[in-house]
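**Student:** Test case, fold it:
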Amino acid sequence: GIPREFAKATLDDAKRAVREIGAAERVARRDLTGEVIVTIDGETARDFDDAVSVEELPGGGFRLGVHIADVSHYVRPGTALDAEAFERGTSVYFPDRAVPMLPERLSNDLCSLRPNEERRTVTALLTLDAKGEAVKAEFFRSVILSKARLTYTDVAAFFSGEEPGEEKVPAAVRPMLLVARKAAFALRWMRRDRGSLDFDLPDADLVLGEKGDVVAIVKEVRNEAHRLIEEFMLAANEAVARHLLFVPSPAMYRVHDRPDERKLNDLRAVLEPLGYDIPEDDELVGPTVFQKIIDQAEGKPEERFVSDLVLRAQKKALYAAECRGHYALAAKYYAHFTSPIRRYPDLVVHRALCEWIASGRPPAAAEAESRERWLVDASAQCSERERRAESAEREAQSWKKFVFLSKKVGEEFEAYVSAVVSFGLFITLEGVYADGLLPMDALEDDYYRYEDVEHRLVGASTGRVYRLGDHLRVKLVRADFDKRLLDFRLVGQPPARAETPH
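**Tutor:** Down below sits the predicted model:
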């Protein structure tokens with residue numbers, strides 16, 4: 001159900017977009033072309049919609065500039081371009097291609113913050129104290145000239161003391177990067193102190209061959225440069241949400257509600273026998289509790305499994321017309337502002353912010369009421385489109401992994417139990433993060449009964465227990481293309497365990 005071709009009217013709108021920034025428009029924008037501003041993205045990034053700049057302040061603290069492509073300048077309400085962007089809701093990223101929300105003329109050209117080319121942007125300029133708290137926020141339309149297109153790999157190498165080379169990290173931007181590193185560190189610790197939850201889950205990266213087939217699956221690298229950009233984007237998103245709430249101006253917020261009672265009880269049942277504590281009073285279970293669990297699991301064999309379980313216990317974040325806060329981030333105010341090329345909610349936020357920039361006052365009461373009614377339905381649709389995209393992306397990843405692993409029948413893998421069901425064990429292969437089934441008939445040493453409350457299988461004669469998180473060595477014996485299922489058998493036999501919790 002994901003549209004791949006753009007309508008002619010949409011493409012015509014994109015063609016009419018004007019690249020040149022005229023004299024009259026420049027008056028309404030702040031000229032930042034002399035600032036040291038850079039983009040930092042992955043090597044294979046298809047669009048660059050955010051750029052950053054940081055300076056250290058004399059009395060301590062930082063001035064952080066987050067400069068986002070001014071998509072709202074090009075995509076106006078009532079146009080075919082806007083209607084199709086709203087219908088798509090988001091860009092979709094498959095392993096071998098992207099289905100963009102906006103035509104390429106905008107997403108890969110006019111709204112892509114390429115180095116040494118003037119670009120229209122919307123800037124959030126945040127003054128941070130030495131601890132990372134935002135003490136002042138300014139918002140304005142701007143013109144930037146990115147000084148370099150940097151990659152996460154090269155910036156991380158520079159931070160670790162390696163010499164990436166002038167062509168990869170120019171000398172002119174290095175002092176700013178070192179200041180940015182200090183600012184990101186302050187922001188990260190400020191968030192941790194207030195109870196923000198950090199999911200730093202390892203994942204699999206698919207290495208594709210020339211024909212789009214998977215030639216290798218490697219562990220995804222998430223380094224210090226990734227975290228730096230993440231901190232800056234989170235800070236900008238919070239500042240914009242806070243501003244729009246207090247203007248006030250109707251906007252679309254990103255909300256994340258606290259976990260429900262059932263999921264917390266399920267989590268307790270699995271994690272407490274493993275030595276992880278969760279307060280019995282649900283009201284006391286804040287994100288700091290989950291962060292302690294993740295920290296406790298770090299470096300242990302069950303780290304990925306525990307992090308997965310904590311993530312699954314969370315409610316799904318979604319879009320809403322009301323600002324309810326973001327539970328996992330421990331943020332009272334949160335909206336998506338930083339990716340209007342690929343997310344329609346960010347475009348809605350840009351429009352609200354730019355309207356305030358132009359007028360300096362909130363919309364009239366009747367206009368605000370009308371917009372709020374529209375935002376209720378629009379938020380629901382944007383949330384649904386996000387779910388559709390995520391589902392499609394997951395399915396594409398799973399299929400690519402399945403085809404790759406189907407050629408490895410007979411090989412052995414390390415795995416852990418990710419789900420216990422009445423007909424066997426679902427397992428996740430370590431390092432590959434692909435799922436498979438260890439069917440009940442593969443457990444040949446005993447007759448096993450399924451205990452659904454404890455999420456485990458128990459051997460009738462041996463007392464051997466299989467439960468969530470158990471590590472196993474398995475052999476791939478069959479790839480069923482009809483069911484798209486990988487069947488495994490145990491290699492050796494894990495030692496019997498007592499049924500009592502350990």
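
**Student:** part of a helix, is residue 84?
**Tutor:** Yes. The assignment for residue 84 by DSSP: H, G, I helix; E, B strand; the rest coil puts it in a helix.

**Student:** The stretch 151-300 of the chain: strands as residue ranges?
**Tutor:** Ranges of strands within the stretch 151-300 of the chain are 204-208, 214-219, 253-255, based on DSSP state E, counting those that start in this stretch.

**Student:** Nearest to residue 351, out of the ones you listed?
**Tutor:** strand 253-255 (14.2 Å; CB to CB). The C-beta positions use only the backbone N, C-alpha and C, and glycine is treated the same way.

**Student:** The closest one pairs with which strands, and in what direction?
**Tutor:** Take DSSP bridges as the rule and strand 253-255 pairs in its sheet with strand 318-320 (antiparallel).

**Student:** And the partner strand, what's buried?
**Tutor:** For strand 318-320, a neighbour-count test (16 or more other CB atoms under 10 Å) marks 318, 319, 320 as buried.

**Student:** what's across from the second one in the sheet?
**Tutor:** Per DSSP bridges, the residues bridged to residue 319 are residue 254.

**Student:** measure it to residue 364 for me?
**Tutor:** Residue 319 sits 24 Å away from residue 364, going by CB to CB, to the nearest Å.

**Student:** dump the residue contacts of residue 236.
**Tutor:** Neighbour list for residue 236: 64, 66, 68, 124, 126, 337, 338 [criterion: CB atoms under 8 Å, 6 or more residues apart in numbering].

**Student:** those helices in the protein, which residues are they?
**Tutor:** For the chain, the helices defined by DSSP state H cover 8-15, 23-27, 71-74, 80-88, 104-105, 152-159, 174-194, 224-246, 261-271, 287-297, 303-313, 344-359, 365-406.

**Student:** Nearest to residue 60, out of these?
**Tutor:** helix 174-194 (10.0 Å).

**Student:** what bits of the chain have low per-residue confidence?
**Tutor:** Residue ranges of the chain with pLDDT under 70: 200-202, 301, 493-502.

**Student:** do that again at 80, thanks
**Tutor:** Applying pLDDT under 80 to the chain flags residues 46-47, 199-204, 219, 221, 299-305, 453-455, 492-502.

**Student:** For residue 365, grab the count of nearby residues.
**Tutor:** Residues lying near residue 365 (other CB atoms under 10 Å) number 8.

**Student:** For it, give its distance to residue 250.
**Tutor:** Distance, residue 365 to residue 250, using CB to CB: 11 Å.

**Student:** Kindly report the same for residue 404.
**Tutor:** From residue 404 to residue 250 the distance is 47 Å (CB to CB).

**Student:** next one: residue 326
**Tutor:** 19 Å.

**Student:** What of residue 39?
**Tutor:** Per CB to CB, residue 39 is found 31 Å from residue 250.

**Student:** which one is residue 170 nearest to, not counting chain neighbours?
**Tutor:** residue 148 (5.4 Å; CB to CB, 6 or more residues apart in numbering).

**Student:** Next, the contact list for residue 478, please.
**Tutor:** Taking CB under 8 Å, 6+ apart, we find residue 478 in contact with 409, 486, 487.

**Student:** Beta-bridge partners for it, please?
**Tutor:** Beta-bridge pairing of residue 478 under DSSP bridges involves residue 487.

**Student:** what's around residue 339, how many residues?
**Tutor:** Count around residue 339 with other CB under 10 Å applied: 21.

**Student:** What distance do you get for the closest residue to it other than its chain neighbours to residue 480?
**Tutor:** Leaving aside its chain neighbours, residue 339 sits nearest to residue 346 (5.1 Å; criterion: CB to CB, 6+ apart). As judged by CB to CB, residue 346 and residue 480 stand 41 Å apart.
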